[in-house]
Structure formats: C-alpha cells, structure tokens
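In: Structure for this input, please:
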Amino acid sequence: MEAAVSWPTLAITRWLYKLFLENPRAHCMLLQLYLGSEAFHHRFPWFNKPDLVEDPELRLLMKQHFADEDNHAKYFALALTLKGDPILPPPRHLDYLVNLAAAFWDAGILVGEAVEELTGPTLFTNRQNLFVQLAFKDLSEKKASTDFHAWRDLAKTRDPETYAILKRVVEDEDWHVHIFDGQVAKMMADPVHGPHLRVVYKKLVAINAQIGAAVGSNVLDHMLDHDMLAIPRHERAAVRGLAKLQRLSGGPLPVETAERFMGLQSDYYARHAPQAAAAS
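Out: You can find the predicted model right below:
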C-alpha cells in the first residue's frame, strides 16, 4: 500500500550497511537494535496475546508471526554471542518500535484513556486498536525487509555467519510483509468501517516516516559520537550530513510516552542476558 522504496533510498541503505559491516562496533550496535525489535513482544508481553483475536485466520497468522520473531531474536542473540559482544537493551532514543508505538498513542490514534490500558484486552478486541497494531506490524516489517535485503546481500562475502542468519530472516520478513499488508487492506476494504480506517492509516504512514527518520538520525549520530565508524573524513561528513537531513524530515520523539512504555517493559534482558543486568 505504501509506495515502493525509491532507488536513491536503496542506494543509501546499501552504502550505510556496507559501512556497518566493515566496522565491528557499528555492526554490533545494529545487531543489538534488531534483537530489541525482534524481541519486542517479549519485552512487552501484553503485545503477545493473539488468543484474544476473534478472527481464527488472523489469530493463526499472528501466532506464526510471533513464533518467527522468537527465532529471529535467538538468531541475533547468537550472532552477538559468536562475536563475543554483549546483549544490551537499545537506548530509548534509538528504539524505533518503542518510539513508534508511543507516537501512535500521542497522536490519539489508539483507543484508551491511559497508556497502561494497552496491556489489557482492548489492544486486540477493539477494532481500531487491532487495526493500528496490524498497521504497526505492516509498516515496521516493510522497513525491516528493505534493510534486511541490503544487509543480507552485503554480508554474503563480508560476514558469512550473519549472512546465514539473514538468509532465513529475510524469507520470514517477506512473508510477514505479505500477510500484514493483506490484513490491513482487508480491514480498510470494509464498506462500513473502511473509510475511517483509511484515514487512520494515512496518519500512521506519516508518523512512521517521521519516527523512522528521527530514530535513524539518532542511530547515525550515536555511532559517530561513540567512534563506532572508522571511516575517512569525507565519509564521516557524509554520514553526519545524512543524519541532519533525516532529522529535518523527522519529528520530535515522544519522550514522555516512550518512557512510560519502557516502564511497562518486562525483565526480558535480565532473564536472557545476565551481562545486560550487570551493566545496568
């Protein structure tokens, strides 16, 4: 439903992922960030209750999706372990999914009186909340699929272990894009509720673009500020310039609401990565 990714965007993505693969600290950060995304439903277990969904087909699809995400999180954790790198929770300002969920709430698109209500059944039983959740998956899976394709192709000769992981992950992500795109389209085609949901979806697409740009800018600045990219001066200037352009096209992050979301997080990292708990 979104426009196809443009060639310049694909070229920039490929360039960045080449830099990440050639710089171990940056690549480690990338693995940590995607581990956080793939483990989202464990970090926020109230997000993982597909049994509440009334439609049996959708319920099954969501369960399969969460099972795939389980495997992806294990893959990225394994990649970090093989490289001898720590498994750490992503900083809030670099956490794309947390900021995206918080921005959806701040925009008044999710139904409820308080963020904490999303931990209850209405996230799956209220029509608009279910639609927003499916769109949340649809939009984030599209972003991940674009990134993973470039990452996989570049890793084939540069990092065979990561390539082996991404080869499987990409297959799953392409399927996730297909199923969630179809489910979102199906709900928007409803003759009664569809017109309203189409308006909601347009808002979600705009918010997703702003959050993606803002968080992407933060990630690049973070890597540069922490000397994770050992690159020539001209490339460093180009990366910094790209970060500035992303910041201009993005929007302010929903700091307060994101902090509230983080407060609802489970002890996933404490349970799965003792070194994270020791470092916190």
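In: where exactly do the helices run in the stretch 101-250 of the chain?
Out: Assigned by DSSP state H, counting those that start in this stretch, the stretch 101-250 of the chain shows helices spanning 122-125, 127-158, 160-188, 194-225, 233-249.
In: Between these, which one is closest to N23.
Out: helix 194-225 (8.0 Å; C-beta to C-beta). C-beta here means a position set from N, CA and C on the backbone, and glycine is covered the same way.
In: Go through that closest one and flag the buried ones.
Out: 197, 200-201, 204-205, 207-224 (16 or more other C-beta atoms under 10 Å).
In: excluding its backbone neighbours, what's nearest F76?
Out: Counting by C-beta to C-beta, 6 or more residues apart in numbering, L35 is the residue found nearest to F76 once chain neighbours are left out, at 3.9 Å.
In: Can you name every helix or strand that the helix or strand harbouring the one you found contacts?
Out: Per DSSP states H and E, L35 falls inside helix 24-38. The contact analysis (3 or more C-beta pairs under 8 Å, 6 or more residues apart in numbering; DSSP states H and E) places helix 24-38 against helix 7-22, helix 56-83, helix 96-106, helix 127-158, helix 194-225.
In: Just the angle for the last one relative to helix 233-249, thanks.
Out: Think helix 194-225. Computed by axes from the mean of the first three to the mean of the last three C-alpha atoms, to 10 degrees, the angle separating helix 194-225 from helix 233-249 equals 150 degrees.
In: Could you do the second one as well?
Out: Using the same axes, to 10 degrees, the inter-axis angle of helix 56-83 relative to helix 233-249 is 150 degrees.
In: where does the stretch 151-280 of the chain have low pLDDT?
Out: 273-280 (pLDDT under 70).
In: One more pass at 50, please.
Out: Along the stretch 151-280 of the chain, the model assigns pLDDT under 50 to residues 276-280.
In: May I have the phi/psi pair for Q265?
Out: phi -70, psi 150 (degrees, to the nearest 10).
In: show me the contacts for it.
Out: By C-beta atoms under 8 Å, 6 or more residues apart in numbering, Q265 lies in contact with 43-44.
In: and what of L204?
Out: With C-beta under 8 Å, 6+ apart, L204 has these contacts: 104, 109, 132, 135-136, 139.
In: of all these, which two lie farthest apart?
Out: I109 and L139 (12.6 Å).
In: Which of the two has more residues huddled nearby?
Out: Using other C-beta atoms under 10 Å as the criterion, I109 and L139 rank with L139 on top: 25 against 18.
In: you'd agree D138 is up against F180?
Out: Yes. The pair D138 / F180 is scored as a contact, 4.0 Å apart, by C-beta atoms under 8 Å.
In: returning to what we had before: save the helices of the stretch 101-250 of the chain as JSON lines, and put in distance to W7 too.
Out: Output for these, formatted as JSON lines (distance: least, C-beta to C-beta, whole Å):
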{"stretch": "helix 122-125", "distance to W7": "37"}
{"stretch": "helix 127-158", "distance to W7": "12"}
{"stretch": "helix 160-188", "distance to W7": "19"}
{"stretch": "helix 194-225", "distance to W7": "18"}
{"stretch": "helix 233-249", "distance to W7": "16"}
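In: Return the most buried member of the ones you listed.
Out: Mean neighbour count (mean count of other C-beta atoms under 10 Å) peaks for helix 127-158 among the helices of the stretch 101-250 of the chain, with a mean of 20.
In: helices or strands next to it in the packing?
Out: Using 3+ C-beta pairs under 8 Å, 6+ apart: helix 127-158 touches helix 7-22, helix 24-38, helix 96-106, helix 122-125, helix 160-188, helix 194-225.
In: what do you get if the cut-off is 7 Å, keeping everything else the same?
Out: With contacts taken as 3 or more C-beta pairs under 7 Å, 6 or more residues apart in numbering; DSSP states H and E, helix 127-158 sits against helix 7-22, helix 96-106, helix 122-125, helix 160-188, helix 194-225.
In: mind checking which of those helices is nearest N48?
Out: The nearest among these, by C-beta to C-beta, is helix 122-125 at 10.2 Å.
In: What lies in contact with the closest one?
Out: For helix 122-125, the external contacting residues (C-beta atoms under 7 Å, 6 or more residues apart in numbering) are 49, 52-53, 111-112, 129-130, 133.
In: residues near the residue nearest to F76, how many?
Out: Count around L35 with other C-beta under 10 Å applied: 25.
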